[in-house]
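Engineer: Give me the fold of what follows.
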Amino acid sequence: MNEERNLAHIEIIDWIKPIEGADAIELCGILGWQCVIAKKDNFKVGDKVVYIEVDSVLPDLPQYEFLKERKFRIRTIKLRGCVSQGLVLPLSCLHHNDPVLIKIWNKANPGEDVTEDLKIVKYLTPTEKEELFQQEIKIQNDKNKLRKYMMRYSWFRRLFLSRHQKMSFPYWISKTDEPRAQSLHWDEFYNQFKDKEVYVTEKIDYQSATFTGKMIPKFAGILNKILPLKKYQFVVASRNMINNSKSSLYWQIAKKYNLEQILKSNPILTIQGEQGDTKVQGNKYGIKDQQLWIFNIINHEKGYQYDYDEMNIYCTLNGLQTVPLLYKCKLSELGTTVNDIIEKSKGKSVLNNKILREGIVIRCIEDGKKIFSFKAINPDFLLKYEN
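Structural biologist: Numbering: from 1, shown residues only. Sure, this is the predicted structure:
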């Protein structure tokens, strides 16, 4: 349920356009993304290339020296008035003119992941770096020296850790990251779902949080067989891992909104939302205290997801607030192309009309089943705040 994001993959160039007044660069389309490319690379429509997504961090190697000033991170940039999202490299970056590798990569299928081949890692926010640090400390404190030693090998973690340990996230629920519109193979996606009813909410730039839990045995061992009683175990998680620090914002939010008691009364539910305070993400929206906006409520036992109306009723009854609703319509009414969807992502935030909104999230839920969901990020927001 919780797959890692592929940051670099083989794709095909869909189109190439000139940039007015630019002799050395031009614009190309890959999936739904547009990227600035160098004319000297002699790319052509239909070429297989390596596409590297925004928020990738490349290794400090001579061939990537041109990225050194940006600390090797791929960002959304603007060149000659054109927004560029991602980096396009020729397949030769994978094979270094090795005849055997040339044959292998030339036969590769579009979509094939090459993140590890290029030693690319995901850019981590300060919050994510702190979480990773705490996870490493936990491993370092492991009393089993052999296990600690073997933990450095991914094959050992895959084979010998329990599902719960491997994921460091509640295994019964999915993480909250939505795919971007540009990654959907839009024409095929649109033709399949254009008549579906969707609801569109504002994407808020704070911290993703998950509040959930399970009924577990109250006693262990033989005592559990004698007295097979259950108790509710409340679980709090960030975007990527369980958080057990009671002093963290995640637990402060849980306490403020009485989430443990709310979920204890209905232990098959999971609540997911965006949380913030005056110190998170620069507090672009100017909130004065800790706040939580709900975007998902899921019955994790039955796999039933609330639609917006169900979620709004539940939140109203329990003193919670939802993310701002922008539209309810058919997908086709938002537009027919990826560019139409991106245009819809633009505008001012409902939370603070003095700032740009980060983007939108589009969801289609029918009879408790999520048909699809994806996000569109406002490029104007990225250009202002990402760099």
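
Engineer: Tell me who's in contact with the residue positioned nearest the centre of the chain.
Structural biologist: Centroid-nearest residue in the chain, with CA atoms, centre = their mean: D177, separated by 3.0 Å. By CB atoms under 8 Å, 6 or more residues apart in numbering, the contact set of D177 is R5, S208, R239. The way it works is simple: take the backbone N, C-alpha and C, and place the C-beta from them, glycine included.

Engineer: which of those lies closest to W293?
Structural biologist: Set against W293, the nearest of the contacts of D177 by CB to CB is S208 (10.7 Å).

Engineer: The closest one contacts Q272, correct?
Structural biologist: Yes: S208 lies in contact with Q272 (CB atoms under 8 Å); the separation is 7.2 Å.

Engineer: Would you mind grabbing the residues shared as contacts by those two?
Structural biologist: Shared contacts of S208 and Q272 (CB under 8 Å, 6+ apart): T176.

Engineer: Would you mind measuring from the spatially most distant residue from the centre of the chain to M215?
Structural biologist: No residue in the chain sits farther from the centre than I226, which is 44.8 Å out by CA atoms, centre = their mean. Using CB to CB, to the nearest Å, we find I226 at a distance of 18 Å from M215.

Engineer: same check, this time on M311
Structural biologist: 23 Å.

Engineer: more neighbours, these two?
Structural biologist: Neighbour tally, M311 and M215, criterion other CB atoms under 10 Å: the higher count belongs to M311, 23 against 14.

Engineer: Contact partners for the more buried one?
Structural biologist: I294, N296, I297, T322.

Engineer: Where do the helices of the protein begin and end?
Structural biologist: Residue ranges of the helices in the chain, as given by DSSP state H, are 92-95, 99-106, 126-140, 145-150, 154-160, 163-167, 186-193, 221-226, 249-256, 259-264, 308-317, 331-334, 338-345, 379-385.

Engineer: Least reliable of those helices by average pLDDT, please.
Structural biologist: Among those, helix 163-167 has the lowest mean pLDDT, at a mean of 44.

Engineer: is it true that I13 touches L31?
Structural biologist: No: at 10.3 Å, I13 does not count as touching L31 under the criterion of CB under 8 Å.

Engineer: of the two, who's got more company?
Structural biologist: Applying other CB under 10 Å to I13 and L31 shows that L31 carries more neighbours, namely 22 against 19.

Engineer: show me the residues around that one that make contact.
Structural biologist: L31 is in contact with E11, D14, Y51, Q182, S183, L184, H185, W186, counting by CB under 8 Å, 6+ apart.

Engineer: between these, which is nearest N353?
Structural biologist: Checking the contacts of L31 one by one against N353 (CB to CB), the nearest turns out to be Q182, at 26.9 Å.

Engineer: thinking the closest one is in contact with Y51, fair?
Structural biologist: No: with contacts counted by CB under 8 Å, Q182 stays clear of Y51, the gap being 10.4 Å.

Engineer: okay, and the common contacts of those two?
Structural biologist: Common neighbours of Q182 and Y51 (CB under 8 Å, 6+ apart) are L31, W33.

Engineer: Extract the residue ranges of the stretch 1-150 of the chain that are flagged as low pLDDT.
Structural biologist: Low-confidence segments of the stretch 1-150 of the chain (pLDDT under 70): 1-4, 127-128, 130-150.

Engineer: hang on, the earlier thing: which one among the contacts of M311 gets closest to L27?
Structural biologist: N296 (36.1 Å).

Engineer: residues in contact with the closest one?
Structural biologist: Contacts of N296 (CB under 8 Å, 6+ apart): T176, T270, I271, Q272, G273, Q305, Y306, M311.

Engineer: can those residues go into CSV with extra columns for distance to I104?
Structural biologist: Below are the contacts of N296 laid out as CSV (distance: CB to CB, whole Å):
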residue, distance to I104
T176, 36
T270, 43
I271, 46
Q272, 41
G273, 45
Q305, 41
Y306, 47
M311, 48
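
Engineer: For those, pick the one with the most neighbours.
Structural biologist: G273 (27 neighbours).

Engineer: quick one: contacts for that one?
Structural biologist: By CB under 8 Å, 6+ apart, the neighbours of G273 are S208, A209, F211, L292, W293, I294, F295, N296, V323.

Engineer: How about the fifth one: what's its closest non-neighbour residue?
Structural biologist: Right, the one you point to is W293. Counting by CB to CB, 6 or more residues apart in numbering, W293 lies nearest to V323, which is 4.5 Å off, once chain neighbours are set aside.

Engineer: I am finished for the moment; much appreciated.
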